[in-house]
Each structure stands twice: as structure tokens, then as C-alpha cells.
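*Asks:* what follows is a predicted structure for the sequence shown.
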Amino acid sequence: MKILAFETSCDDTSIALFEDNNLIFMDTESQIKIHLETWWVVPEVAAREHANAIFNVLDKVLKNTNTTLNEIDYIWVTTTPWLLPSLLTWTSVASTISTVLNIPIIAINHIQAHIFSNFLEREESEIVFPLVCLTVSWWHNDIYAMNDMWDMKKLWSSWDDAGWEAFDKAAKMMWLWYPGWPIISKLASEYELEWWKSIDLFPRVWLVKKDFDFSFSWLKSSVKREVDKRVEESWELSLNDKKQISFEFENAITEVLAWKLINAAKENNLKTVMLSWWVSANNKLRNEIEKLAKKNNLNFIYPKKLVYCMDNAAMIWILTYYKIKYKQVENQIWVIKI
């Protein structure tokens, strides 16, 4: 059985070909350089770039696997949630293929797919339920409880801004570049902290005691005030200023994310914590969670590869693979008719 998986929900055009439970080839074209100009993923721009890239990506996948569209048995696609103009790209392409060649389409939830990215290159038995999973992206900052693969419930979320968005806005305030977390993490790692000068430059907002919701608008405001103060005092933001602010900012955000994930597990007597989505690639966050997990005798799971933290077609495949295996797709298969 050959499966073609599409992921075009935001600003990455990703297509992968799978045969049964094996990834044969995946190609992903990023739009980061395009969005550097706007410091934001503009939906209409993202959709246009998807339209420009999708046939090249599809052609590359088919040629590298010596496959024709007539050999495809299923098409798997992200349908919700995310940017509607971007999602319309696969609608145009995949629905045409489905209609002309009578190939069934399986709809996949984007958030659930990111959570299942943790199953990529892992044996199913390596992930022990029940567990709690933290998702951190531009728009979403949630904690899910999972009793098994399919019994998943969102328990806590952000009151305002998500973690990834806070990284990007903090970087913009310091005149760095997009996306924010890689450069902030790099500068933070270069900051030479002298222990007698160690301070918590930015406050940690925990909200209500034993409440595991998030709020990061406060953190962005604190960064803005600190940047403005230093610019007013010296007429510029020095490289060392940027390193210190990055260091303190990253500490503030990762400590809150890690503490809330670990304590959500403890509060619910769970032994496994999981991390997914874009900021799961952040080494500081991983290390903070791992440190607390070991201290509390918890298992910690995060994506095996950096590419699995980003939007990618492989996560669409792994979720659908398990949906088919456990017969979870009966009401999600259709052939689009004109």
C-alpha cells in the first residue's frame, strides 16, 4: 500500500511517500526566508508560496521514489486547524488527484499529528500511557492528558500568547531576526554569566496555584521595558545586552513551561511527560524538563529528530498509520467529487 501525505497548514510545503509502515522519501520546502521581510507568516503570502512550490515538491517525491500517481492508494492531508489559505493549497492539488484517479483522502488534525510525531522512529511500546503532553507553537500552548492514543483531552492552555510567539516578538524587540527562538537560544548560550551577578531579570508568572494554564504577554511586556530602558541609557542595545536579555528571557519561559508540565503530571499521578511542536526543538527547554523529570522519577519523551518538531508530512503519515491500524478512520475517508 502506497500513501502520499501532504502538510501545507502554515509555511512549510511538505510531501512524503510511504509504503505500508515505511517512509520512502520526504521533501519539505520552507518559506522562512520569505517571511523574514514581514516578521510574520502572512497567510496570503504563505498560500502563494505553497502554490509556487507544491508541484516541484510533489514532482521531486515521485521522481526520487520512481512512483506514479496511479500507484497511490491513499492521500493523507492536514485539514485543521491552521491557516485557511495555506490549507486550500492541498485542497486544490490533492482533491484534483483524488477526483481524477479515484483515490480516497484521509483527513488529519494538525495538533494531533504533532503529538504523534513522538512515535516517529520509536516502537509503539516505548510510549507508555497515561501521560501528559505539552504542545508549544506560535498559536497554541496547551497541555493534553492522554489515557491512550485516542483518549486525549486538553486540560490547560495559554490565556493570551503562546511560547513560540513570545520568542519571535522578543527577538524583534531586540532587532534580531525571524524565527526568534534559534537566535535567542544561540545568544543565550554565549552569555557569560558571573555567578555573583546572577539575577532573574524577568519575573515568572505562575498564575493561580495548582493551575497549569499559561500567560506570556507579561513576559513580552517585561522584555520591551528592559530593551527601552537600556536604549534610553546608552542610545543602543549592545551585543552583550542582547545576550543577557536572551539568556534571562529563555530561562524565564522555559522554567515556566517545564515546571507546569512536570507538576501537571504529578498532580494527576502520571509517570510520563511528552513534548511536541516547534519549541520542542529548544535545547534549554528539553534540558529543563529532563532535569525535573529525573528529579521526580518521570519518563520524558520528545521528537527523535529536529525536523519532526517542525511541520512535516511524516507526522501526518504516522498518525494515519496508527489510525488505520486501530480502525480509527472509518468516518474520515472520502473521495472528493466535483
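*Replies:* Cool, got the structure. Just so you know, these numbers come straight off a predicted model, no measurement behind them. Residues are numbered from 1 along each chain as shown.
*Asks:* wait, is Trp76 part of a strand?
*Replies:* Yes. The assignment for Trp76 (DSSP: H, G, I helix; E, B strand; the rest coil) places it in a strand.
*Asks:* any idea how far Ile324 is from it?
*Replies:* Using Cβ to Cβ, to the nearest Å, we find Trp76 at a distance of 10 Å from Ile324. Using the backbone N, CA and C atoms, a C-beta is placed for each residue, glycine as well.
*Asks:* ok, those two, which is more surrounded?
*Replies:* A side-by-side neighbour count of Trp76 and Ile324, using other Cβ atoms under 10 Å, places Trp76 first with 28 against 17.
*Asks:* got a pLDDT number for that one?
*Replies:* Here, the pLDDT recorded for Trp76 equals 85.
*Asks:* what separates the residue nearest to Ile289 when sequence neighbours are not counted from Val42, distance-wise?
*Replies:* Spatial nearest neighbour of Ile289, chain neighbours left out: Ala258 (4.5 Å); criterion: Cβ to Cβ, 6 or more residues apart in numbering. In this view, Ala258 and Val42 are 32 Å apart by Cβ to Cβ.
*Asks:* between these two, which one's more packed in?
*Replies:* Between Ala258 and Val42, counted using other Cβ under 10 Å, Ala258 has the larger neighbour count: 23 against 18.
*Asks:* list the buried residues of the helix or strand harbouring the more buried one.
*Replies:* Assigned by DSSP states H and E, Ala258 falls within helix 239-267. Within helix 239-267, the residues that count as buried by 16 or more other Cβ atoms under 10 Å are 241-265.
*Asks:* what's the average pLDDT for it?
*Replies:* Mean predicted confidence for helix 239-267 is 95.
*Asks:* and that helix, how far out from the chain's middle?
*Replies:* How far helix 239-267 lies from its chain's middle: 17 Å, per Cα atoms, centre = their mean, to the nearest Å.
*Asks:* counting by contacts, list what that helix packs against.
*Replies:* strand 131-136, strand 141-146, strand 152-156, helix 163-173, helix 180-190, helix 217-234, strand 272-276, helix 283-295 (3 or more Cβ pairs under 8 Å, 6 or more residues apart in numbering; DSSP states H and E).
*Asks:* name the residues that touch the helix or strand containing Ala53?
*Replies:* For Ala53, the host element (DSSP H and E) is helix 43-64. The contact list for helix 43-64 (Cβ atoms under 8 Å, 6 or more residues apart in numbering) reads 4, 8, 10-11, 13-17, 25-29, 31, 34-35, 38, 67-69, 83-86, 88-90, 92-93.
*Asks:* count the residues that sit near Asn283.
*Replies:* 12.
*Asks:* okay, now the closest residue to it other than its chain neighbours: neighbour count?
*Replies:* In space, and not counting its chain neighbours, Asn283 is closest to Ser185: 6.7 Å by Cβ to Cβ, 6+ apart. When neighbours are counted by other Cβ under 10 Å, Ser185 registers 20.
*Asks:* contacting residues around Ser185?
*Replies:* Ser246, Glu250, Asn282, Asn283, Lys284.
*Asks:* the same query, at a cut-off of 7 Å, please.
*Replies:* Glu250, Asn282, Asn283, Lys284 (Cβ atoms under 7 Å, 6 or more residues apart in numbering).
*Asks:* repeat for Lys224
*Replies:* Lys224 neighbours (Cβ under 7 Å, 6+ apart): Met173.
*Asks:* got it, and Met1?
*Replies:* Contacts of Met1 by Cβ under 7 Å, 6+ apart are Glu19, Asp20, Asp73.
*Asks:* for Ala171, see how far away Val227 is.
*Replies:* 11 Å.
*Asks:* okay, these two: which has more neighbours?
*Replies:* The neighbour count for Val227 versus Ala171, taken as other Cβ under 10 Å, is higher for Ala171 (24 against 18).
*Asks:* surely that one touches Ile183?
*Replies:* Yes. Between Ala171 and Ile183 there is a contact under Cβ atoms under 7 Å: 5.9 Å.
*Asks:* what touches both of those two?
*Replies:* What both Ala171 and Ile183 touch, as defined by Cβ under 7 Å, 6+ apart, is the set Trp177.
*Asks:* pull the distance from stretch 55-69 to the chain's centre.
*Replies:* 26 Å.
*Asks:* I misspoke; the intended subject was stretch 9-24.
*Replies:* For stretch 9-24, the distance to the chain centre is 16 Å (Cα atoms, centre = their mean).
*Asks:* list of residues touching that stretch?
*Replies:* 1-7, 25-31, 35, 41, 46, 50, 53-54, 57-58, 61, 65, 67, 78, 82-83, 86-87, 110, 310-314, 317, 321.
*Asks:* try it again at 6 Å.
*Replies:* 1-7, 25-26, 28-31, 41, 46, 50, 53-54, 57-58, 61, 65, 78, 82-83, 86-87, 110, 311-314, 317, 321 (Cβ atoms under 6 Å, 6 or more residues apart in numbering).
*Asks:* for Thr135, which residues are in contact?
*Replies:* Applying Cβ under 6 Å, 6+ apart, the residues contacting Thr135 are Asp142, Ser276, Trp277.
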